[in-house]
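*Asks:* The following block contains a protein sequence and its predicted model.
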Amino acid sequence: MKCLLKEIEKKIGNMKVGLTLLGGGILVLVVSSFLEGYTNASFVDRLIYSTIWFKLLIGSIAFVILVSLISKIPFKKKYFGFYLIHSSLIIILAGGLLTSYTGINGEVVLYPQTFTNQIESNNYELVVLSGDDIYNLRPIKTIDLPYNAFAWYTSVEIFPNLFLKSYFPFSTTKLGFGNEGVETGFFSAFFELQGKDQFGDLILSNHPKSQVSTRSVFAGINFTLLPQMMLECFVKNTGYDFFFWNRKEQKCFLPSAKKIKVGVSQLGNRFIEYRDQNRNFTFWPEMSPRPMKEHGQVIEDAEVMVISKKVFENSNDVLLFDDTLMVWSMGYGQYDRIELSKKWSHIPQMELKVRIKEQSDHKPIINLPETSIPRGANPDQPIILLQHKDLDNWVSMDQPYVFNHLNKTIKISLEKTKARMPFKIKLKKFEKKLYPESQMPATYQSFVEIDDGFLIDINMNNPLNYKGFRLFQSSYFELSNGEYASVLTASRDPGRLYKYLGSFLFLFGLVYFYYQKRVR
């Protein structure tokens, strides 16, 4: 046994191994500090401090120090300073590991005159709720999500035909194609353009669920996406430089001369009066294709529009009818037609090349989440991807997924994991003071009541220490009734006393070494 201990001491408890591990630990802490300034504390905690490998590193350093300490047994007075220094480091590291595994960090949200003992932690969980309607739901399943810094991909069935596919602890959005819908006959596309001195992308869609417009500008050129059925309306010669468009039936028409009246206002603006089913509409086609009321208010829900061809007959407008491009030729007084594809198409009069990168006739273009690395003090934006009956559904903190199953309402929500304090706390009063002639708060504080009748004022310089928990004033937000809710940062650090004790012993050991050398 003694031989084994000597061998362990020789290979592990020597100064070379100890300094290597300690140097590695210091390097990790330096990198962590740099990353925290570049990203945020939550990301670094998930990436480094809460990982198994970091805890193993701390444990290895503590083990090497312990072996080195054991090597000096039996006790000798001349090694007393050595014992103090090494014992203190072991105690500090043990306290840190104890806090890492059993500590609690999160937020307590206090609403006026409402007791709570709930702490919202920095991790998240997926909660499945069920009930007869949306107002009477109870949780039936909870899934803890991993405390990762990066995306987590899986395929877990959490409900019949409903799978959890991925979890992004930090996310941003990027435009892309959404789910296939029942709507058809629309067009959504990503275009690539190259001009004489610049290049770029163009995103257009006329799908009703798209989050992009039908119009965009590139290098001073206006691009307008119109329905495919409207193409012939532009090229057809009717003797008029305008045409009527029925939005519901998706077709153009020209009413009889008795039903329309074309005139010019005193300011020189053309107007068209149209009588349809005992209703009179007035159009100002060079201003808006939709009819207007007397005071210039556009009637958005009108089924009939008037499109002025004159508006687009210039060298700065490009019309797109799905994958067909038309541009007005000033020299010939007619439209040039170009069929677009994934290959480059040239528009000579504009010195422009265009091609379609991606297109769809039934998918909208929407903001799709993607995993990201946070920047600065921005709050986490966790999001999960569910696949229900082969359709993708994104769930965030403020956007649950709700559906019906066997006459029951099912709600899938993303929530922070909860911990509970051994006492309840209530916000009695919230108070804030502003800087003079400003809306910026100079200070704010919460007057709270503990459930045993204890009253205290919590502010930024006066935290509450109670039953092992430490509560700081963190922030606040305004409620719909004009009152304020208070947000407290809550922490439980069971290793704090060990870290304090270790720090005291370490300092005492340094002082002992100093005086010991002076005595010699």
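*Replies:* Good, I have the coordinates. Numbering: from 1, shown residues only.

*Asks:* Low-confidence regions, this protein specifically.
*Replies:* Along the chain, the model assigns pLDDT under 70 to residues 1-14, 180-183, 377, 517-520.

*Asks:* Centre-most residue in it?
*Replies:* Closest residue to the average C-alpha location of the chain: residue 381 at 3.3 Å, with CA atoms, centre = their mean.

*Asks:* I'd like the secondary structure assignment at it, please.
*Replies:* Classification of residue 381 using DSSP: H, G, I helix; E, B strand; the rest coil returns coil.

*Asks:* is it true that it touches residue 43?
*Replies:* No - if you go by CB atoms under 8 Å, residue 381 and residue 43 don't touch, sitting 11.7 Å apart. Using the backbone N, CA and C atoms, a C-beta is placed for each residue, glycine as well.

*Asks:* what do the two both touch?
*Replies:* Residues touching both residue 381 and residue 43 (CB atoms under 8 Å, 6 or more residues apart in numbering): 170, 374.

*Asks:* In the helix or strand encompassing residue 231, which residues are buried?
*Replies:* Following DSSP states H and E, one finds residue 231 within helix 231-235. Residues 231, 233, 234 are the ones in helix 231-235 that count as buried (16 or more other CB atoms under 10 Å).

*Asks:* Toward the C-terminus from that helix, list the very next helix or strand.
*Replies:* Of the helices and strands lying after helix 231-235 in sequence (DSSP H and E), the nearest is strand 242-246.

*Asks:* Check which element follows that next one along the chain.
*Replies:* strand 251-253.

*Asks:* Measure how far that next one is from the centre of its chain, please.
*Replies:* 44 Å (CA atoms, centre = their mean, to the nearest Å).

*Asks:* Next: stretch 334-341.
*Replies:* For stretch 334-341, the distance from its own C-alpha centre to the chain's C-alpha centre is 41 Å (CA atoms, centre = their mean).

*Asks:* I'd like to check what contacts it. Which residues are they?
*Replies:* With CB under 8 Å, 6+ apart as the criterion, stretch 334-341 contacts 191, 234-235, 319-320, 323-329, 345, 347, 349, 354-356.

*Asks:* I'd assumed residue 214 was in contact with residue 224.
*Replies:* Yes - using CB under 8 Å, residue 224 is in contact with residue 214, at 6.5 Å.

*Asks:* What ranges does the chain have for its helices?
*Replies:* Along the chain, the stretches classed as helices by DSSP state H are 2-11, 15-38, 41-44, 52-70, 80-102, 231-235, 496-519.

*Asks:* Pull the number of nearby residues for residue 411.
*Replies:* Using other CB atoms under 10 Å, residue 411 is surrounded by 17 other residues.

*Asks:* List the residues that contact it.
*Replies:* 128, 129, 130, 134, 137, 400, 401, 402.

*Asks:* Just the buried ones from these?
*Replies:* Counted by 16+ other CB under 10 Å, those give 128, 129, 130, 137, 400, 401 as buried.

*Asks:* which non-adjacent residue is nearest the residue nearest to the centre of the chain?
*Replies:* Excluding the flanking residues, the one nearest residue 381 by CB to CB, 6 or more residues apart in numbering is residue 171, at 4.9 Å.

*Asks:* what about the one you found, distance to residue 384?
*Replies:* Applying CB to CB, to the nearest Å, the value for residue 171 to residue 384 is 10 Å.

*Asks:* Okay, domains of this protein per the record?
*Replies:* 2-103+496-519, 104-119+418-492, 188-360 (automatic domain parsing).

*Asks:* for the ones you listed, which one sits closest to residue 149?
*Replies:* Among the domains of the chain, the nearest to residue 149 by CB to CB is domain 2-103+496-519 (3.9 Å).

*Asks:* and the closest residue to residue 403 other than its chain neighbours, what does it touch?
*Replies:* Once flanking residues are discounted, residue 403 sits nearest to residue 410: 5.5 Å by CB to CB, 6+ apart. The neighbourhood of residue 410, defined by CB under 8 Å, 6+ apart, consists of 128, 129, 130, 159, 402, 403, 404.

*Asks:* Identify the farthest-apart pair in those.
*Replies:* 128 and 404 (14.0 Å).

*Asks:* If residue 218 is in a bridge, with which residues?
*Replies:* residue 221 (DSSP bridges).

*Asks:* Would you agree it is in contact with residue 202?
*Replies:* Yes - at 5.8 Å, residue 218 counts as touching residue 202 under the criterion of CB under 8 Å.

*Asks:* what touches both of those two?
*Replies:* residue 193.

*Asks:* and those two? which has more neighbours close in?
*Replies:* Taking neighbours as other CB under 10 Å, residue 218 and residue 202 compare with residue 202 leading, 21 against 18.

*Asks:* Who are the contact partners of that one?
*Replies:* So residue 202 contacts 190, 191, 192, 193, 216, 218, 223 (CB under 8 Å, 6+ apart).

*Asks:* Okay, and the beta partners of the closest residue to it other than its chain neighbours?
*Replies:* Distance criterion CB to CB, 6+ apart; nearest residue to residue 202, sequence neighbours excluded, is residue 191 at 3.9 Å. Taking DSSP bridges as the rule, residue 191 bridges to residue 202, residue 356.

*Asks:* Can you report how many residues neighbour residue 191?
*Replies:* Neighbours of residue 191 under the rule other CB under 10 Å: 22.

*Asks:* now do residue 466
*Replies:* Neighbours of residue 466 under the rule other CB under 10 Å: 16.

*Asks:* shouldn't it be in contact with residue 450?
*Replies:* Yes - shown here, residue 466 and residue 450 form a contact pair, counting by CB under 8 Å, at 6.8 Å.

*Asks:* shared neighbours, those two?
*Replies:* With CB under 8 Å, 6+ apart as the test, residue 466 and residue 450 both reach residue 423.

*Asks:* Please go through this structure and pick out the longest strand.
*Replies:* For the chain, the strand that runs over the most residues, judged by DSSP state E, is strand 408-434.

*Asks:* Would you mind listing the buried residues in that one?
*Replies:* 409-414, 416-417, 419, 421, 425-427, 430.

*Asks:* ok, now stretch 50-64?
*Replies:* 50, 54, 57, 58, 60, 61, 62, 63, 64.

*Asks:* picking that back up, among residue 171 and residue 384, which residue is more densely surrounded?
*Replies:* Taking other CB under 10 Å, residue 171 and residue 384 do not tie; residue 384 has more neighbours (25 against 21).

*Asks:* So what's the residue count around residue 74?
*Replies:* Neighbour number of residue 74 under other CB under 10 Å is 4.

*Asks:* Give me the distance between it and residue 84.
*Replies:* 17 Å.

*Asks:* Skipping adjacent residues, who's closest to residue 214 in space?
*Replies:* residue 225 (4.3 Å).

*Asks:* thinking residue 173 is in contact with residue 369, fair?
*Replies:* Yes - here residue 173 reaches residue 369: they are 5.7 Å apart, a contact under CB under 8 Å.

*Asks:* Looking at these two, which is more packed in?
*Replies:* Using other CB under 10 Å, the more surrounded residue of residue 173 and residue 369 is residue 369, with 20 against 15.

*Asks:* if we can go back for a sec, tell me how far the helix holding residue 231 lies from the chain's centre.
*Replies:* Centroid separation for helix 231-235 versus its chain: 43 Å, with CA atoms, centre = their mean.

*Asks:* That helix packs against which elements?
*Replies:* Where contact means 3 or more CB pairs under 8 Å, 6 or more residues apart in numbering; DSSP states H and E, helix 231-235 is packed against strand 324-329.

*Asks:* List the contacts of the strand it packs on.
*Replies:* Against strand 324-329 from outside (CB under 8 Å, 6+ apart): 228, 231, 234-235, 312-315, 317-320, 334-340, 345, 347, 349-350, 354.

*Asks:* likewise stretch 451-468?
*Replies:* 115, 421-426, 428, 443-450, 470-473, 488, 492, 494.

*Asks:* cool, and stretch 307-321?
*Replies:* Counting by CB under 8 Å, 6+ apart, 204, 220-228, 230-231, 233-234, 241-245, 252, 285-286, 289, 325-328, 330, 335, 340, 347, 349-350 sit against stretch 307-321.
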